[in-house]
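> just coords:
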């Protein structure tokens, strides 16, 4: 972990905690009949396999039951954030009026978590201090936004935000490739035998 990486951002930050989620991915998201799902389901409609305790009745047999799509989806920790943080631990069943808003916020939070993950990886890989500081500022801003109200989250311009973050990540990618190229070139030169009549500094004998 990089020295400037905040302790709060470790692998647990981006791990789904279904025990502290109100089964949001099983309700908020839609899916259609395909190799990944055996039936159609609309957004906002609970999956028939979702139990009253928000657990999946066929969790151990998802693939065998035709729900392989469920095994590949990852909310990156958005589910528990929306459930416990944005809506204060009150489920959509206990407060039906909040259901629609809660379901709309989930994909927004998932995208924010994704941005946080990429920014964290960018900070770990980045060697340019100025760019690293910019990445850290962006990460703090995104993290602060994940703690905002549902109304604020719904009002955010995510496409604009993603473009801004993507520009930073492109810079990190270019820097990593450049550093990798220099390292590879250095190793090649170290292994290459010296040319007759030459010096390492390029001067003449």
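Everything's here; your move. Model, not experiment: these values are computed from the prediction.

> Below-threshold pLDDT in this protein: ranges please.
Residue ranges of the chain with pLDDT under 70: 1-8, 181-205.

> The same query, at a cut-off of 80, please.
Under the criterion pLDDT under 80, the flagged ranges of the chain are 1-11, 180-205.

> middle-most residue in it, spatially?
Nearest to the mean C-alpha position of the chain, counting by CA atoms, centre = their mean, stands residue 114 at 2.0 Å.

> Can you tell me the closest non-neighbouring residue to that residue?
Closest residue to residue 114 apart from its sequence neighbours, by CB to CB, 6 or more residues apart in numbering: residue 76 at 5.8 Å. Where you see a C-beta, it was placed from the backbone N, CA and C, and this is true even at glycine.

> Output the contacting helices and strands for the one helix or strand residue 124 maps to.
Assigned by DSSP states H and E, residue 124 belongs to helix 99-125. Packing partners of helix 99-125 (3 or more CB pairs under 8 Å, 6 or more residues apart in numbering; DSSP states H and E): helix 78-80, helix 129-146, helix 150-155, helix 158-191.

> Helix, strand, or coil at residue 65?
coil (DSSP: H, G, I helix; E, B strand; the rest coil).

> That should have said residue 92, apologies.
Residue 92 ends up coil, using three-state DSSP.

> measure it to residue 81 for me?
Separation of residue 92 from residue 81 (CB to CB, to the nearest Å) stands at 15 Å.

> can you pull the contacts of residue 82?
Shown in contact with residue 82 (CB atoms under 8 Å, 6 or more residues apart in numbering): 21, 24, 102, 105, 106, 109.

> Same question for residue 77.
Here residue 77 is in contact with 13, 14, 15, 16, 17, 113 (CB under 8 Å, 6+ apart).

> Same check on residue 85?
Counting by CB under 8 Å, 6+ apart, residue 85 has contacts 146, 147.

> Equivalent analysis for residue 30, please.
Shown in contact with residue 30 (CB under 8 Å, 6+ apart): 41, 42, 43.

> Could you find the closest non-adjacent residue to the first one?
Setting aside the residues directly before and after it, residue 41 is nearest to residue 31 in space (CB to CB, 6+ apart), at 5.3 Å.

> Kindly report the same for the last one.
Spatial nearest neighbour of residue 43, excluding adjacent residues (CB to CB, 6+ apart): residue 30 at 4.3 Å.

> gap between the one you found and residue 176?
Applying CB to CB, the value for residue 30 to residue 176 is 37 Å.

> for residue 80, same thing?
The spacing between residue 80 and residue 176, counted by CB to CB, is 32 Å.

> Comparing those two, which residue is more hemmed in?
Shown here are residue 80 and residue 176; by other CB atoms under 10 Å, residue 80 has more neighbours (19 against 14).

> Most neighbours among the contacts of residue 30, please name it.
Neighbour counts for the contacts of residue 30 (other CB under 10 Å) peak at residue 41, which has 17 neighbours.

> So it sits against residue 47, correct?
Yes: using CB atoms under 8 Å, residue 41 is in contact with residue 47, at 6.0 Å.

> wait, what's in contact with residue 20?
By CB under 8 Å, 6+ apart, the contact list for residue 20 reads 79, 80, 83, 84.

> tell me, how many neighbours does residue 34 end up with?
Neighbours of residue 34 under the rule other CB under 10 Å: 11.
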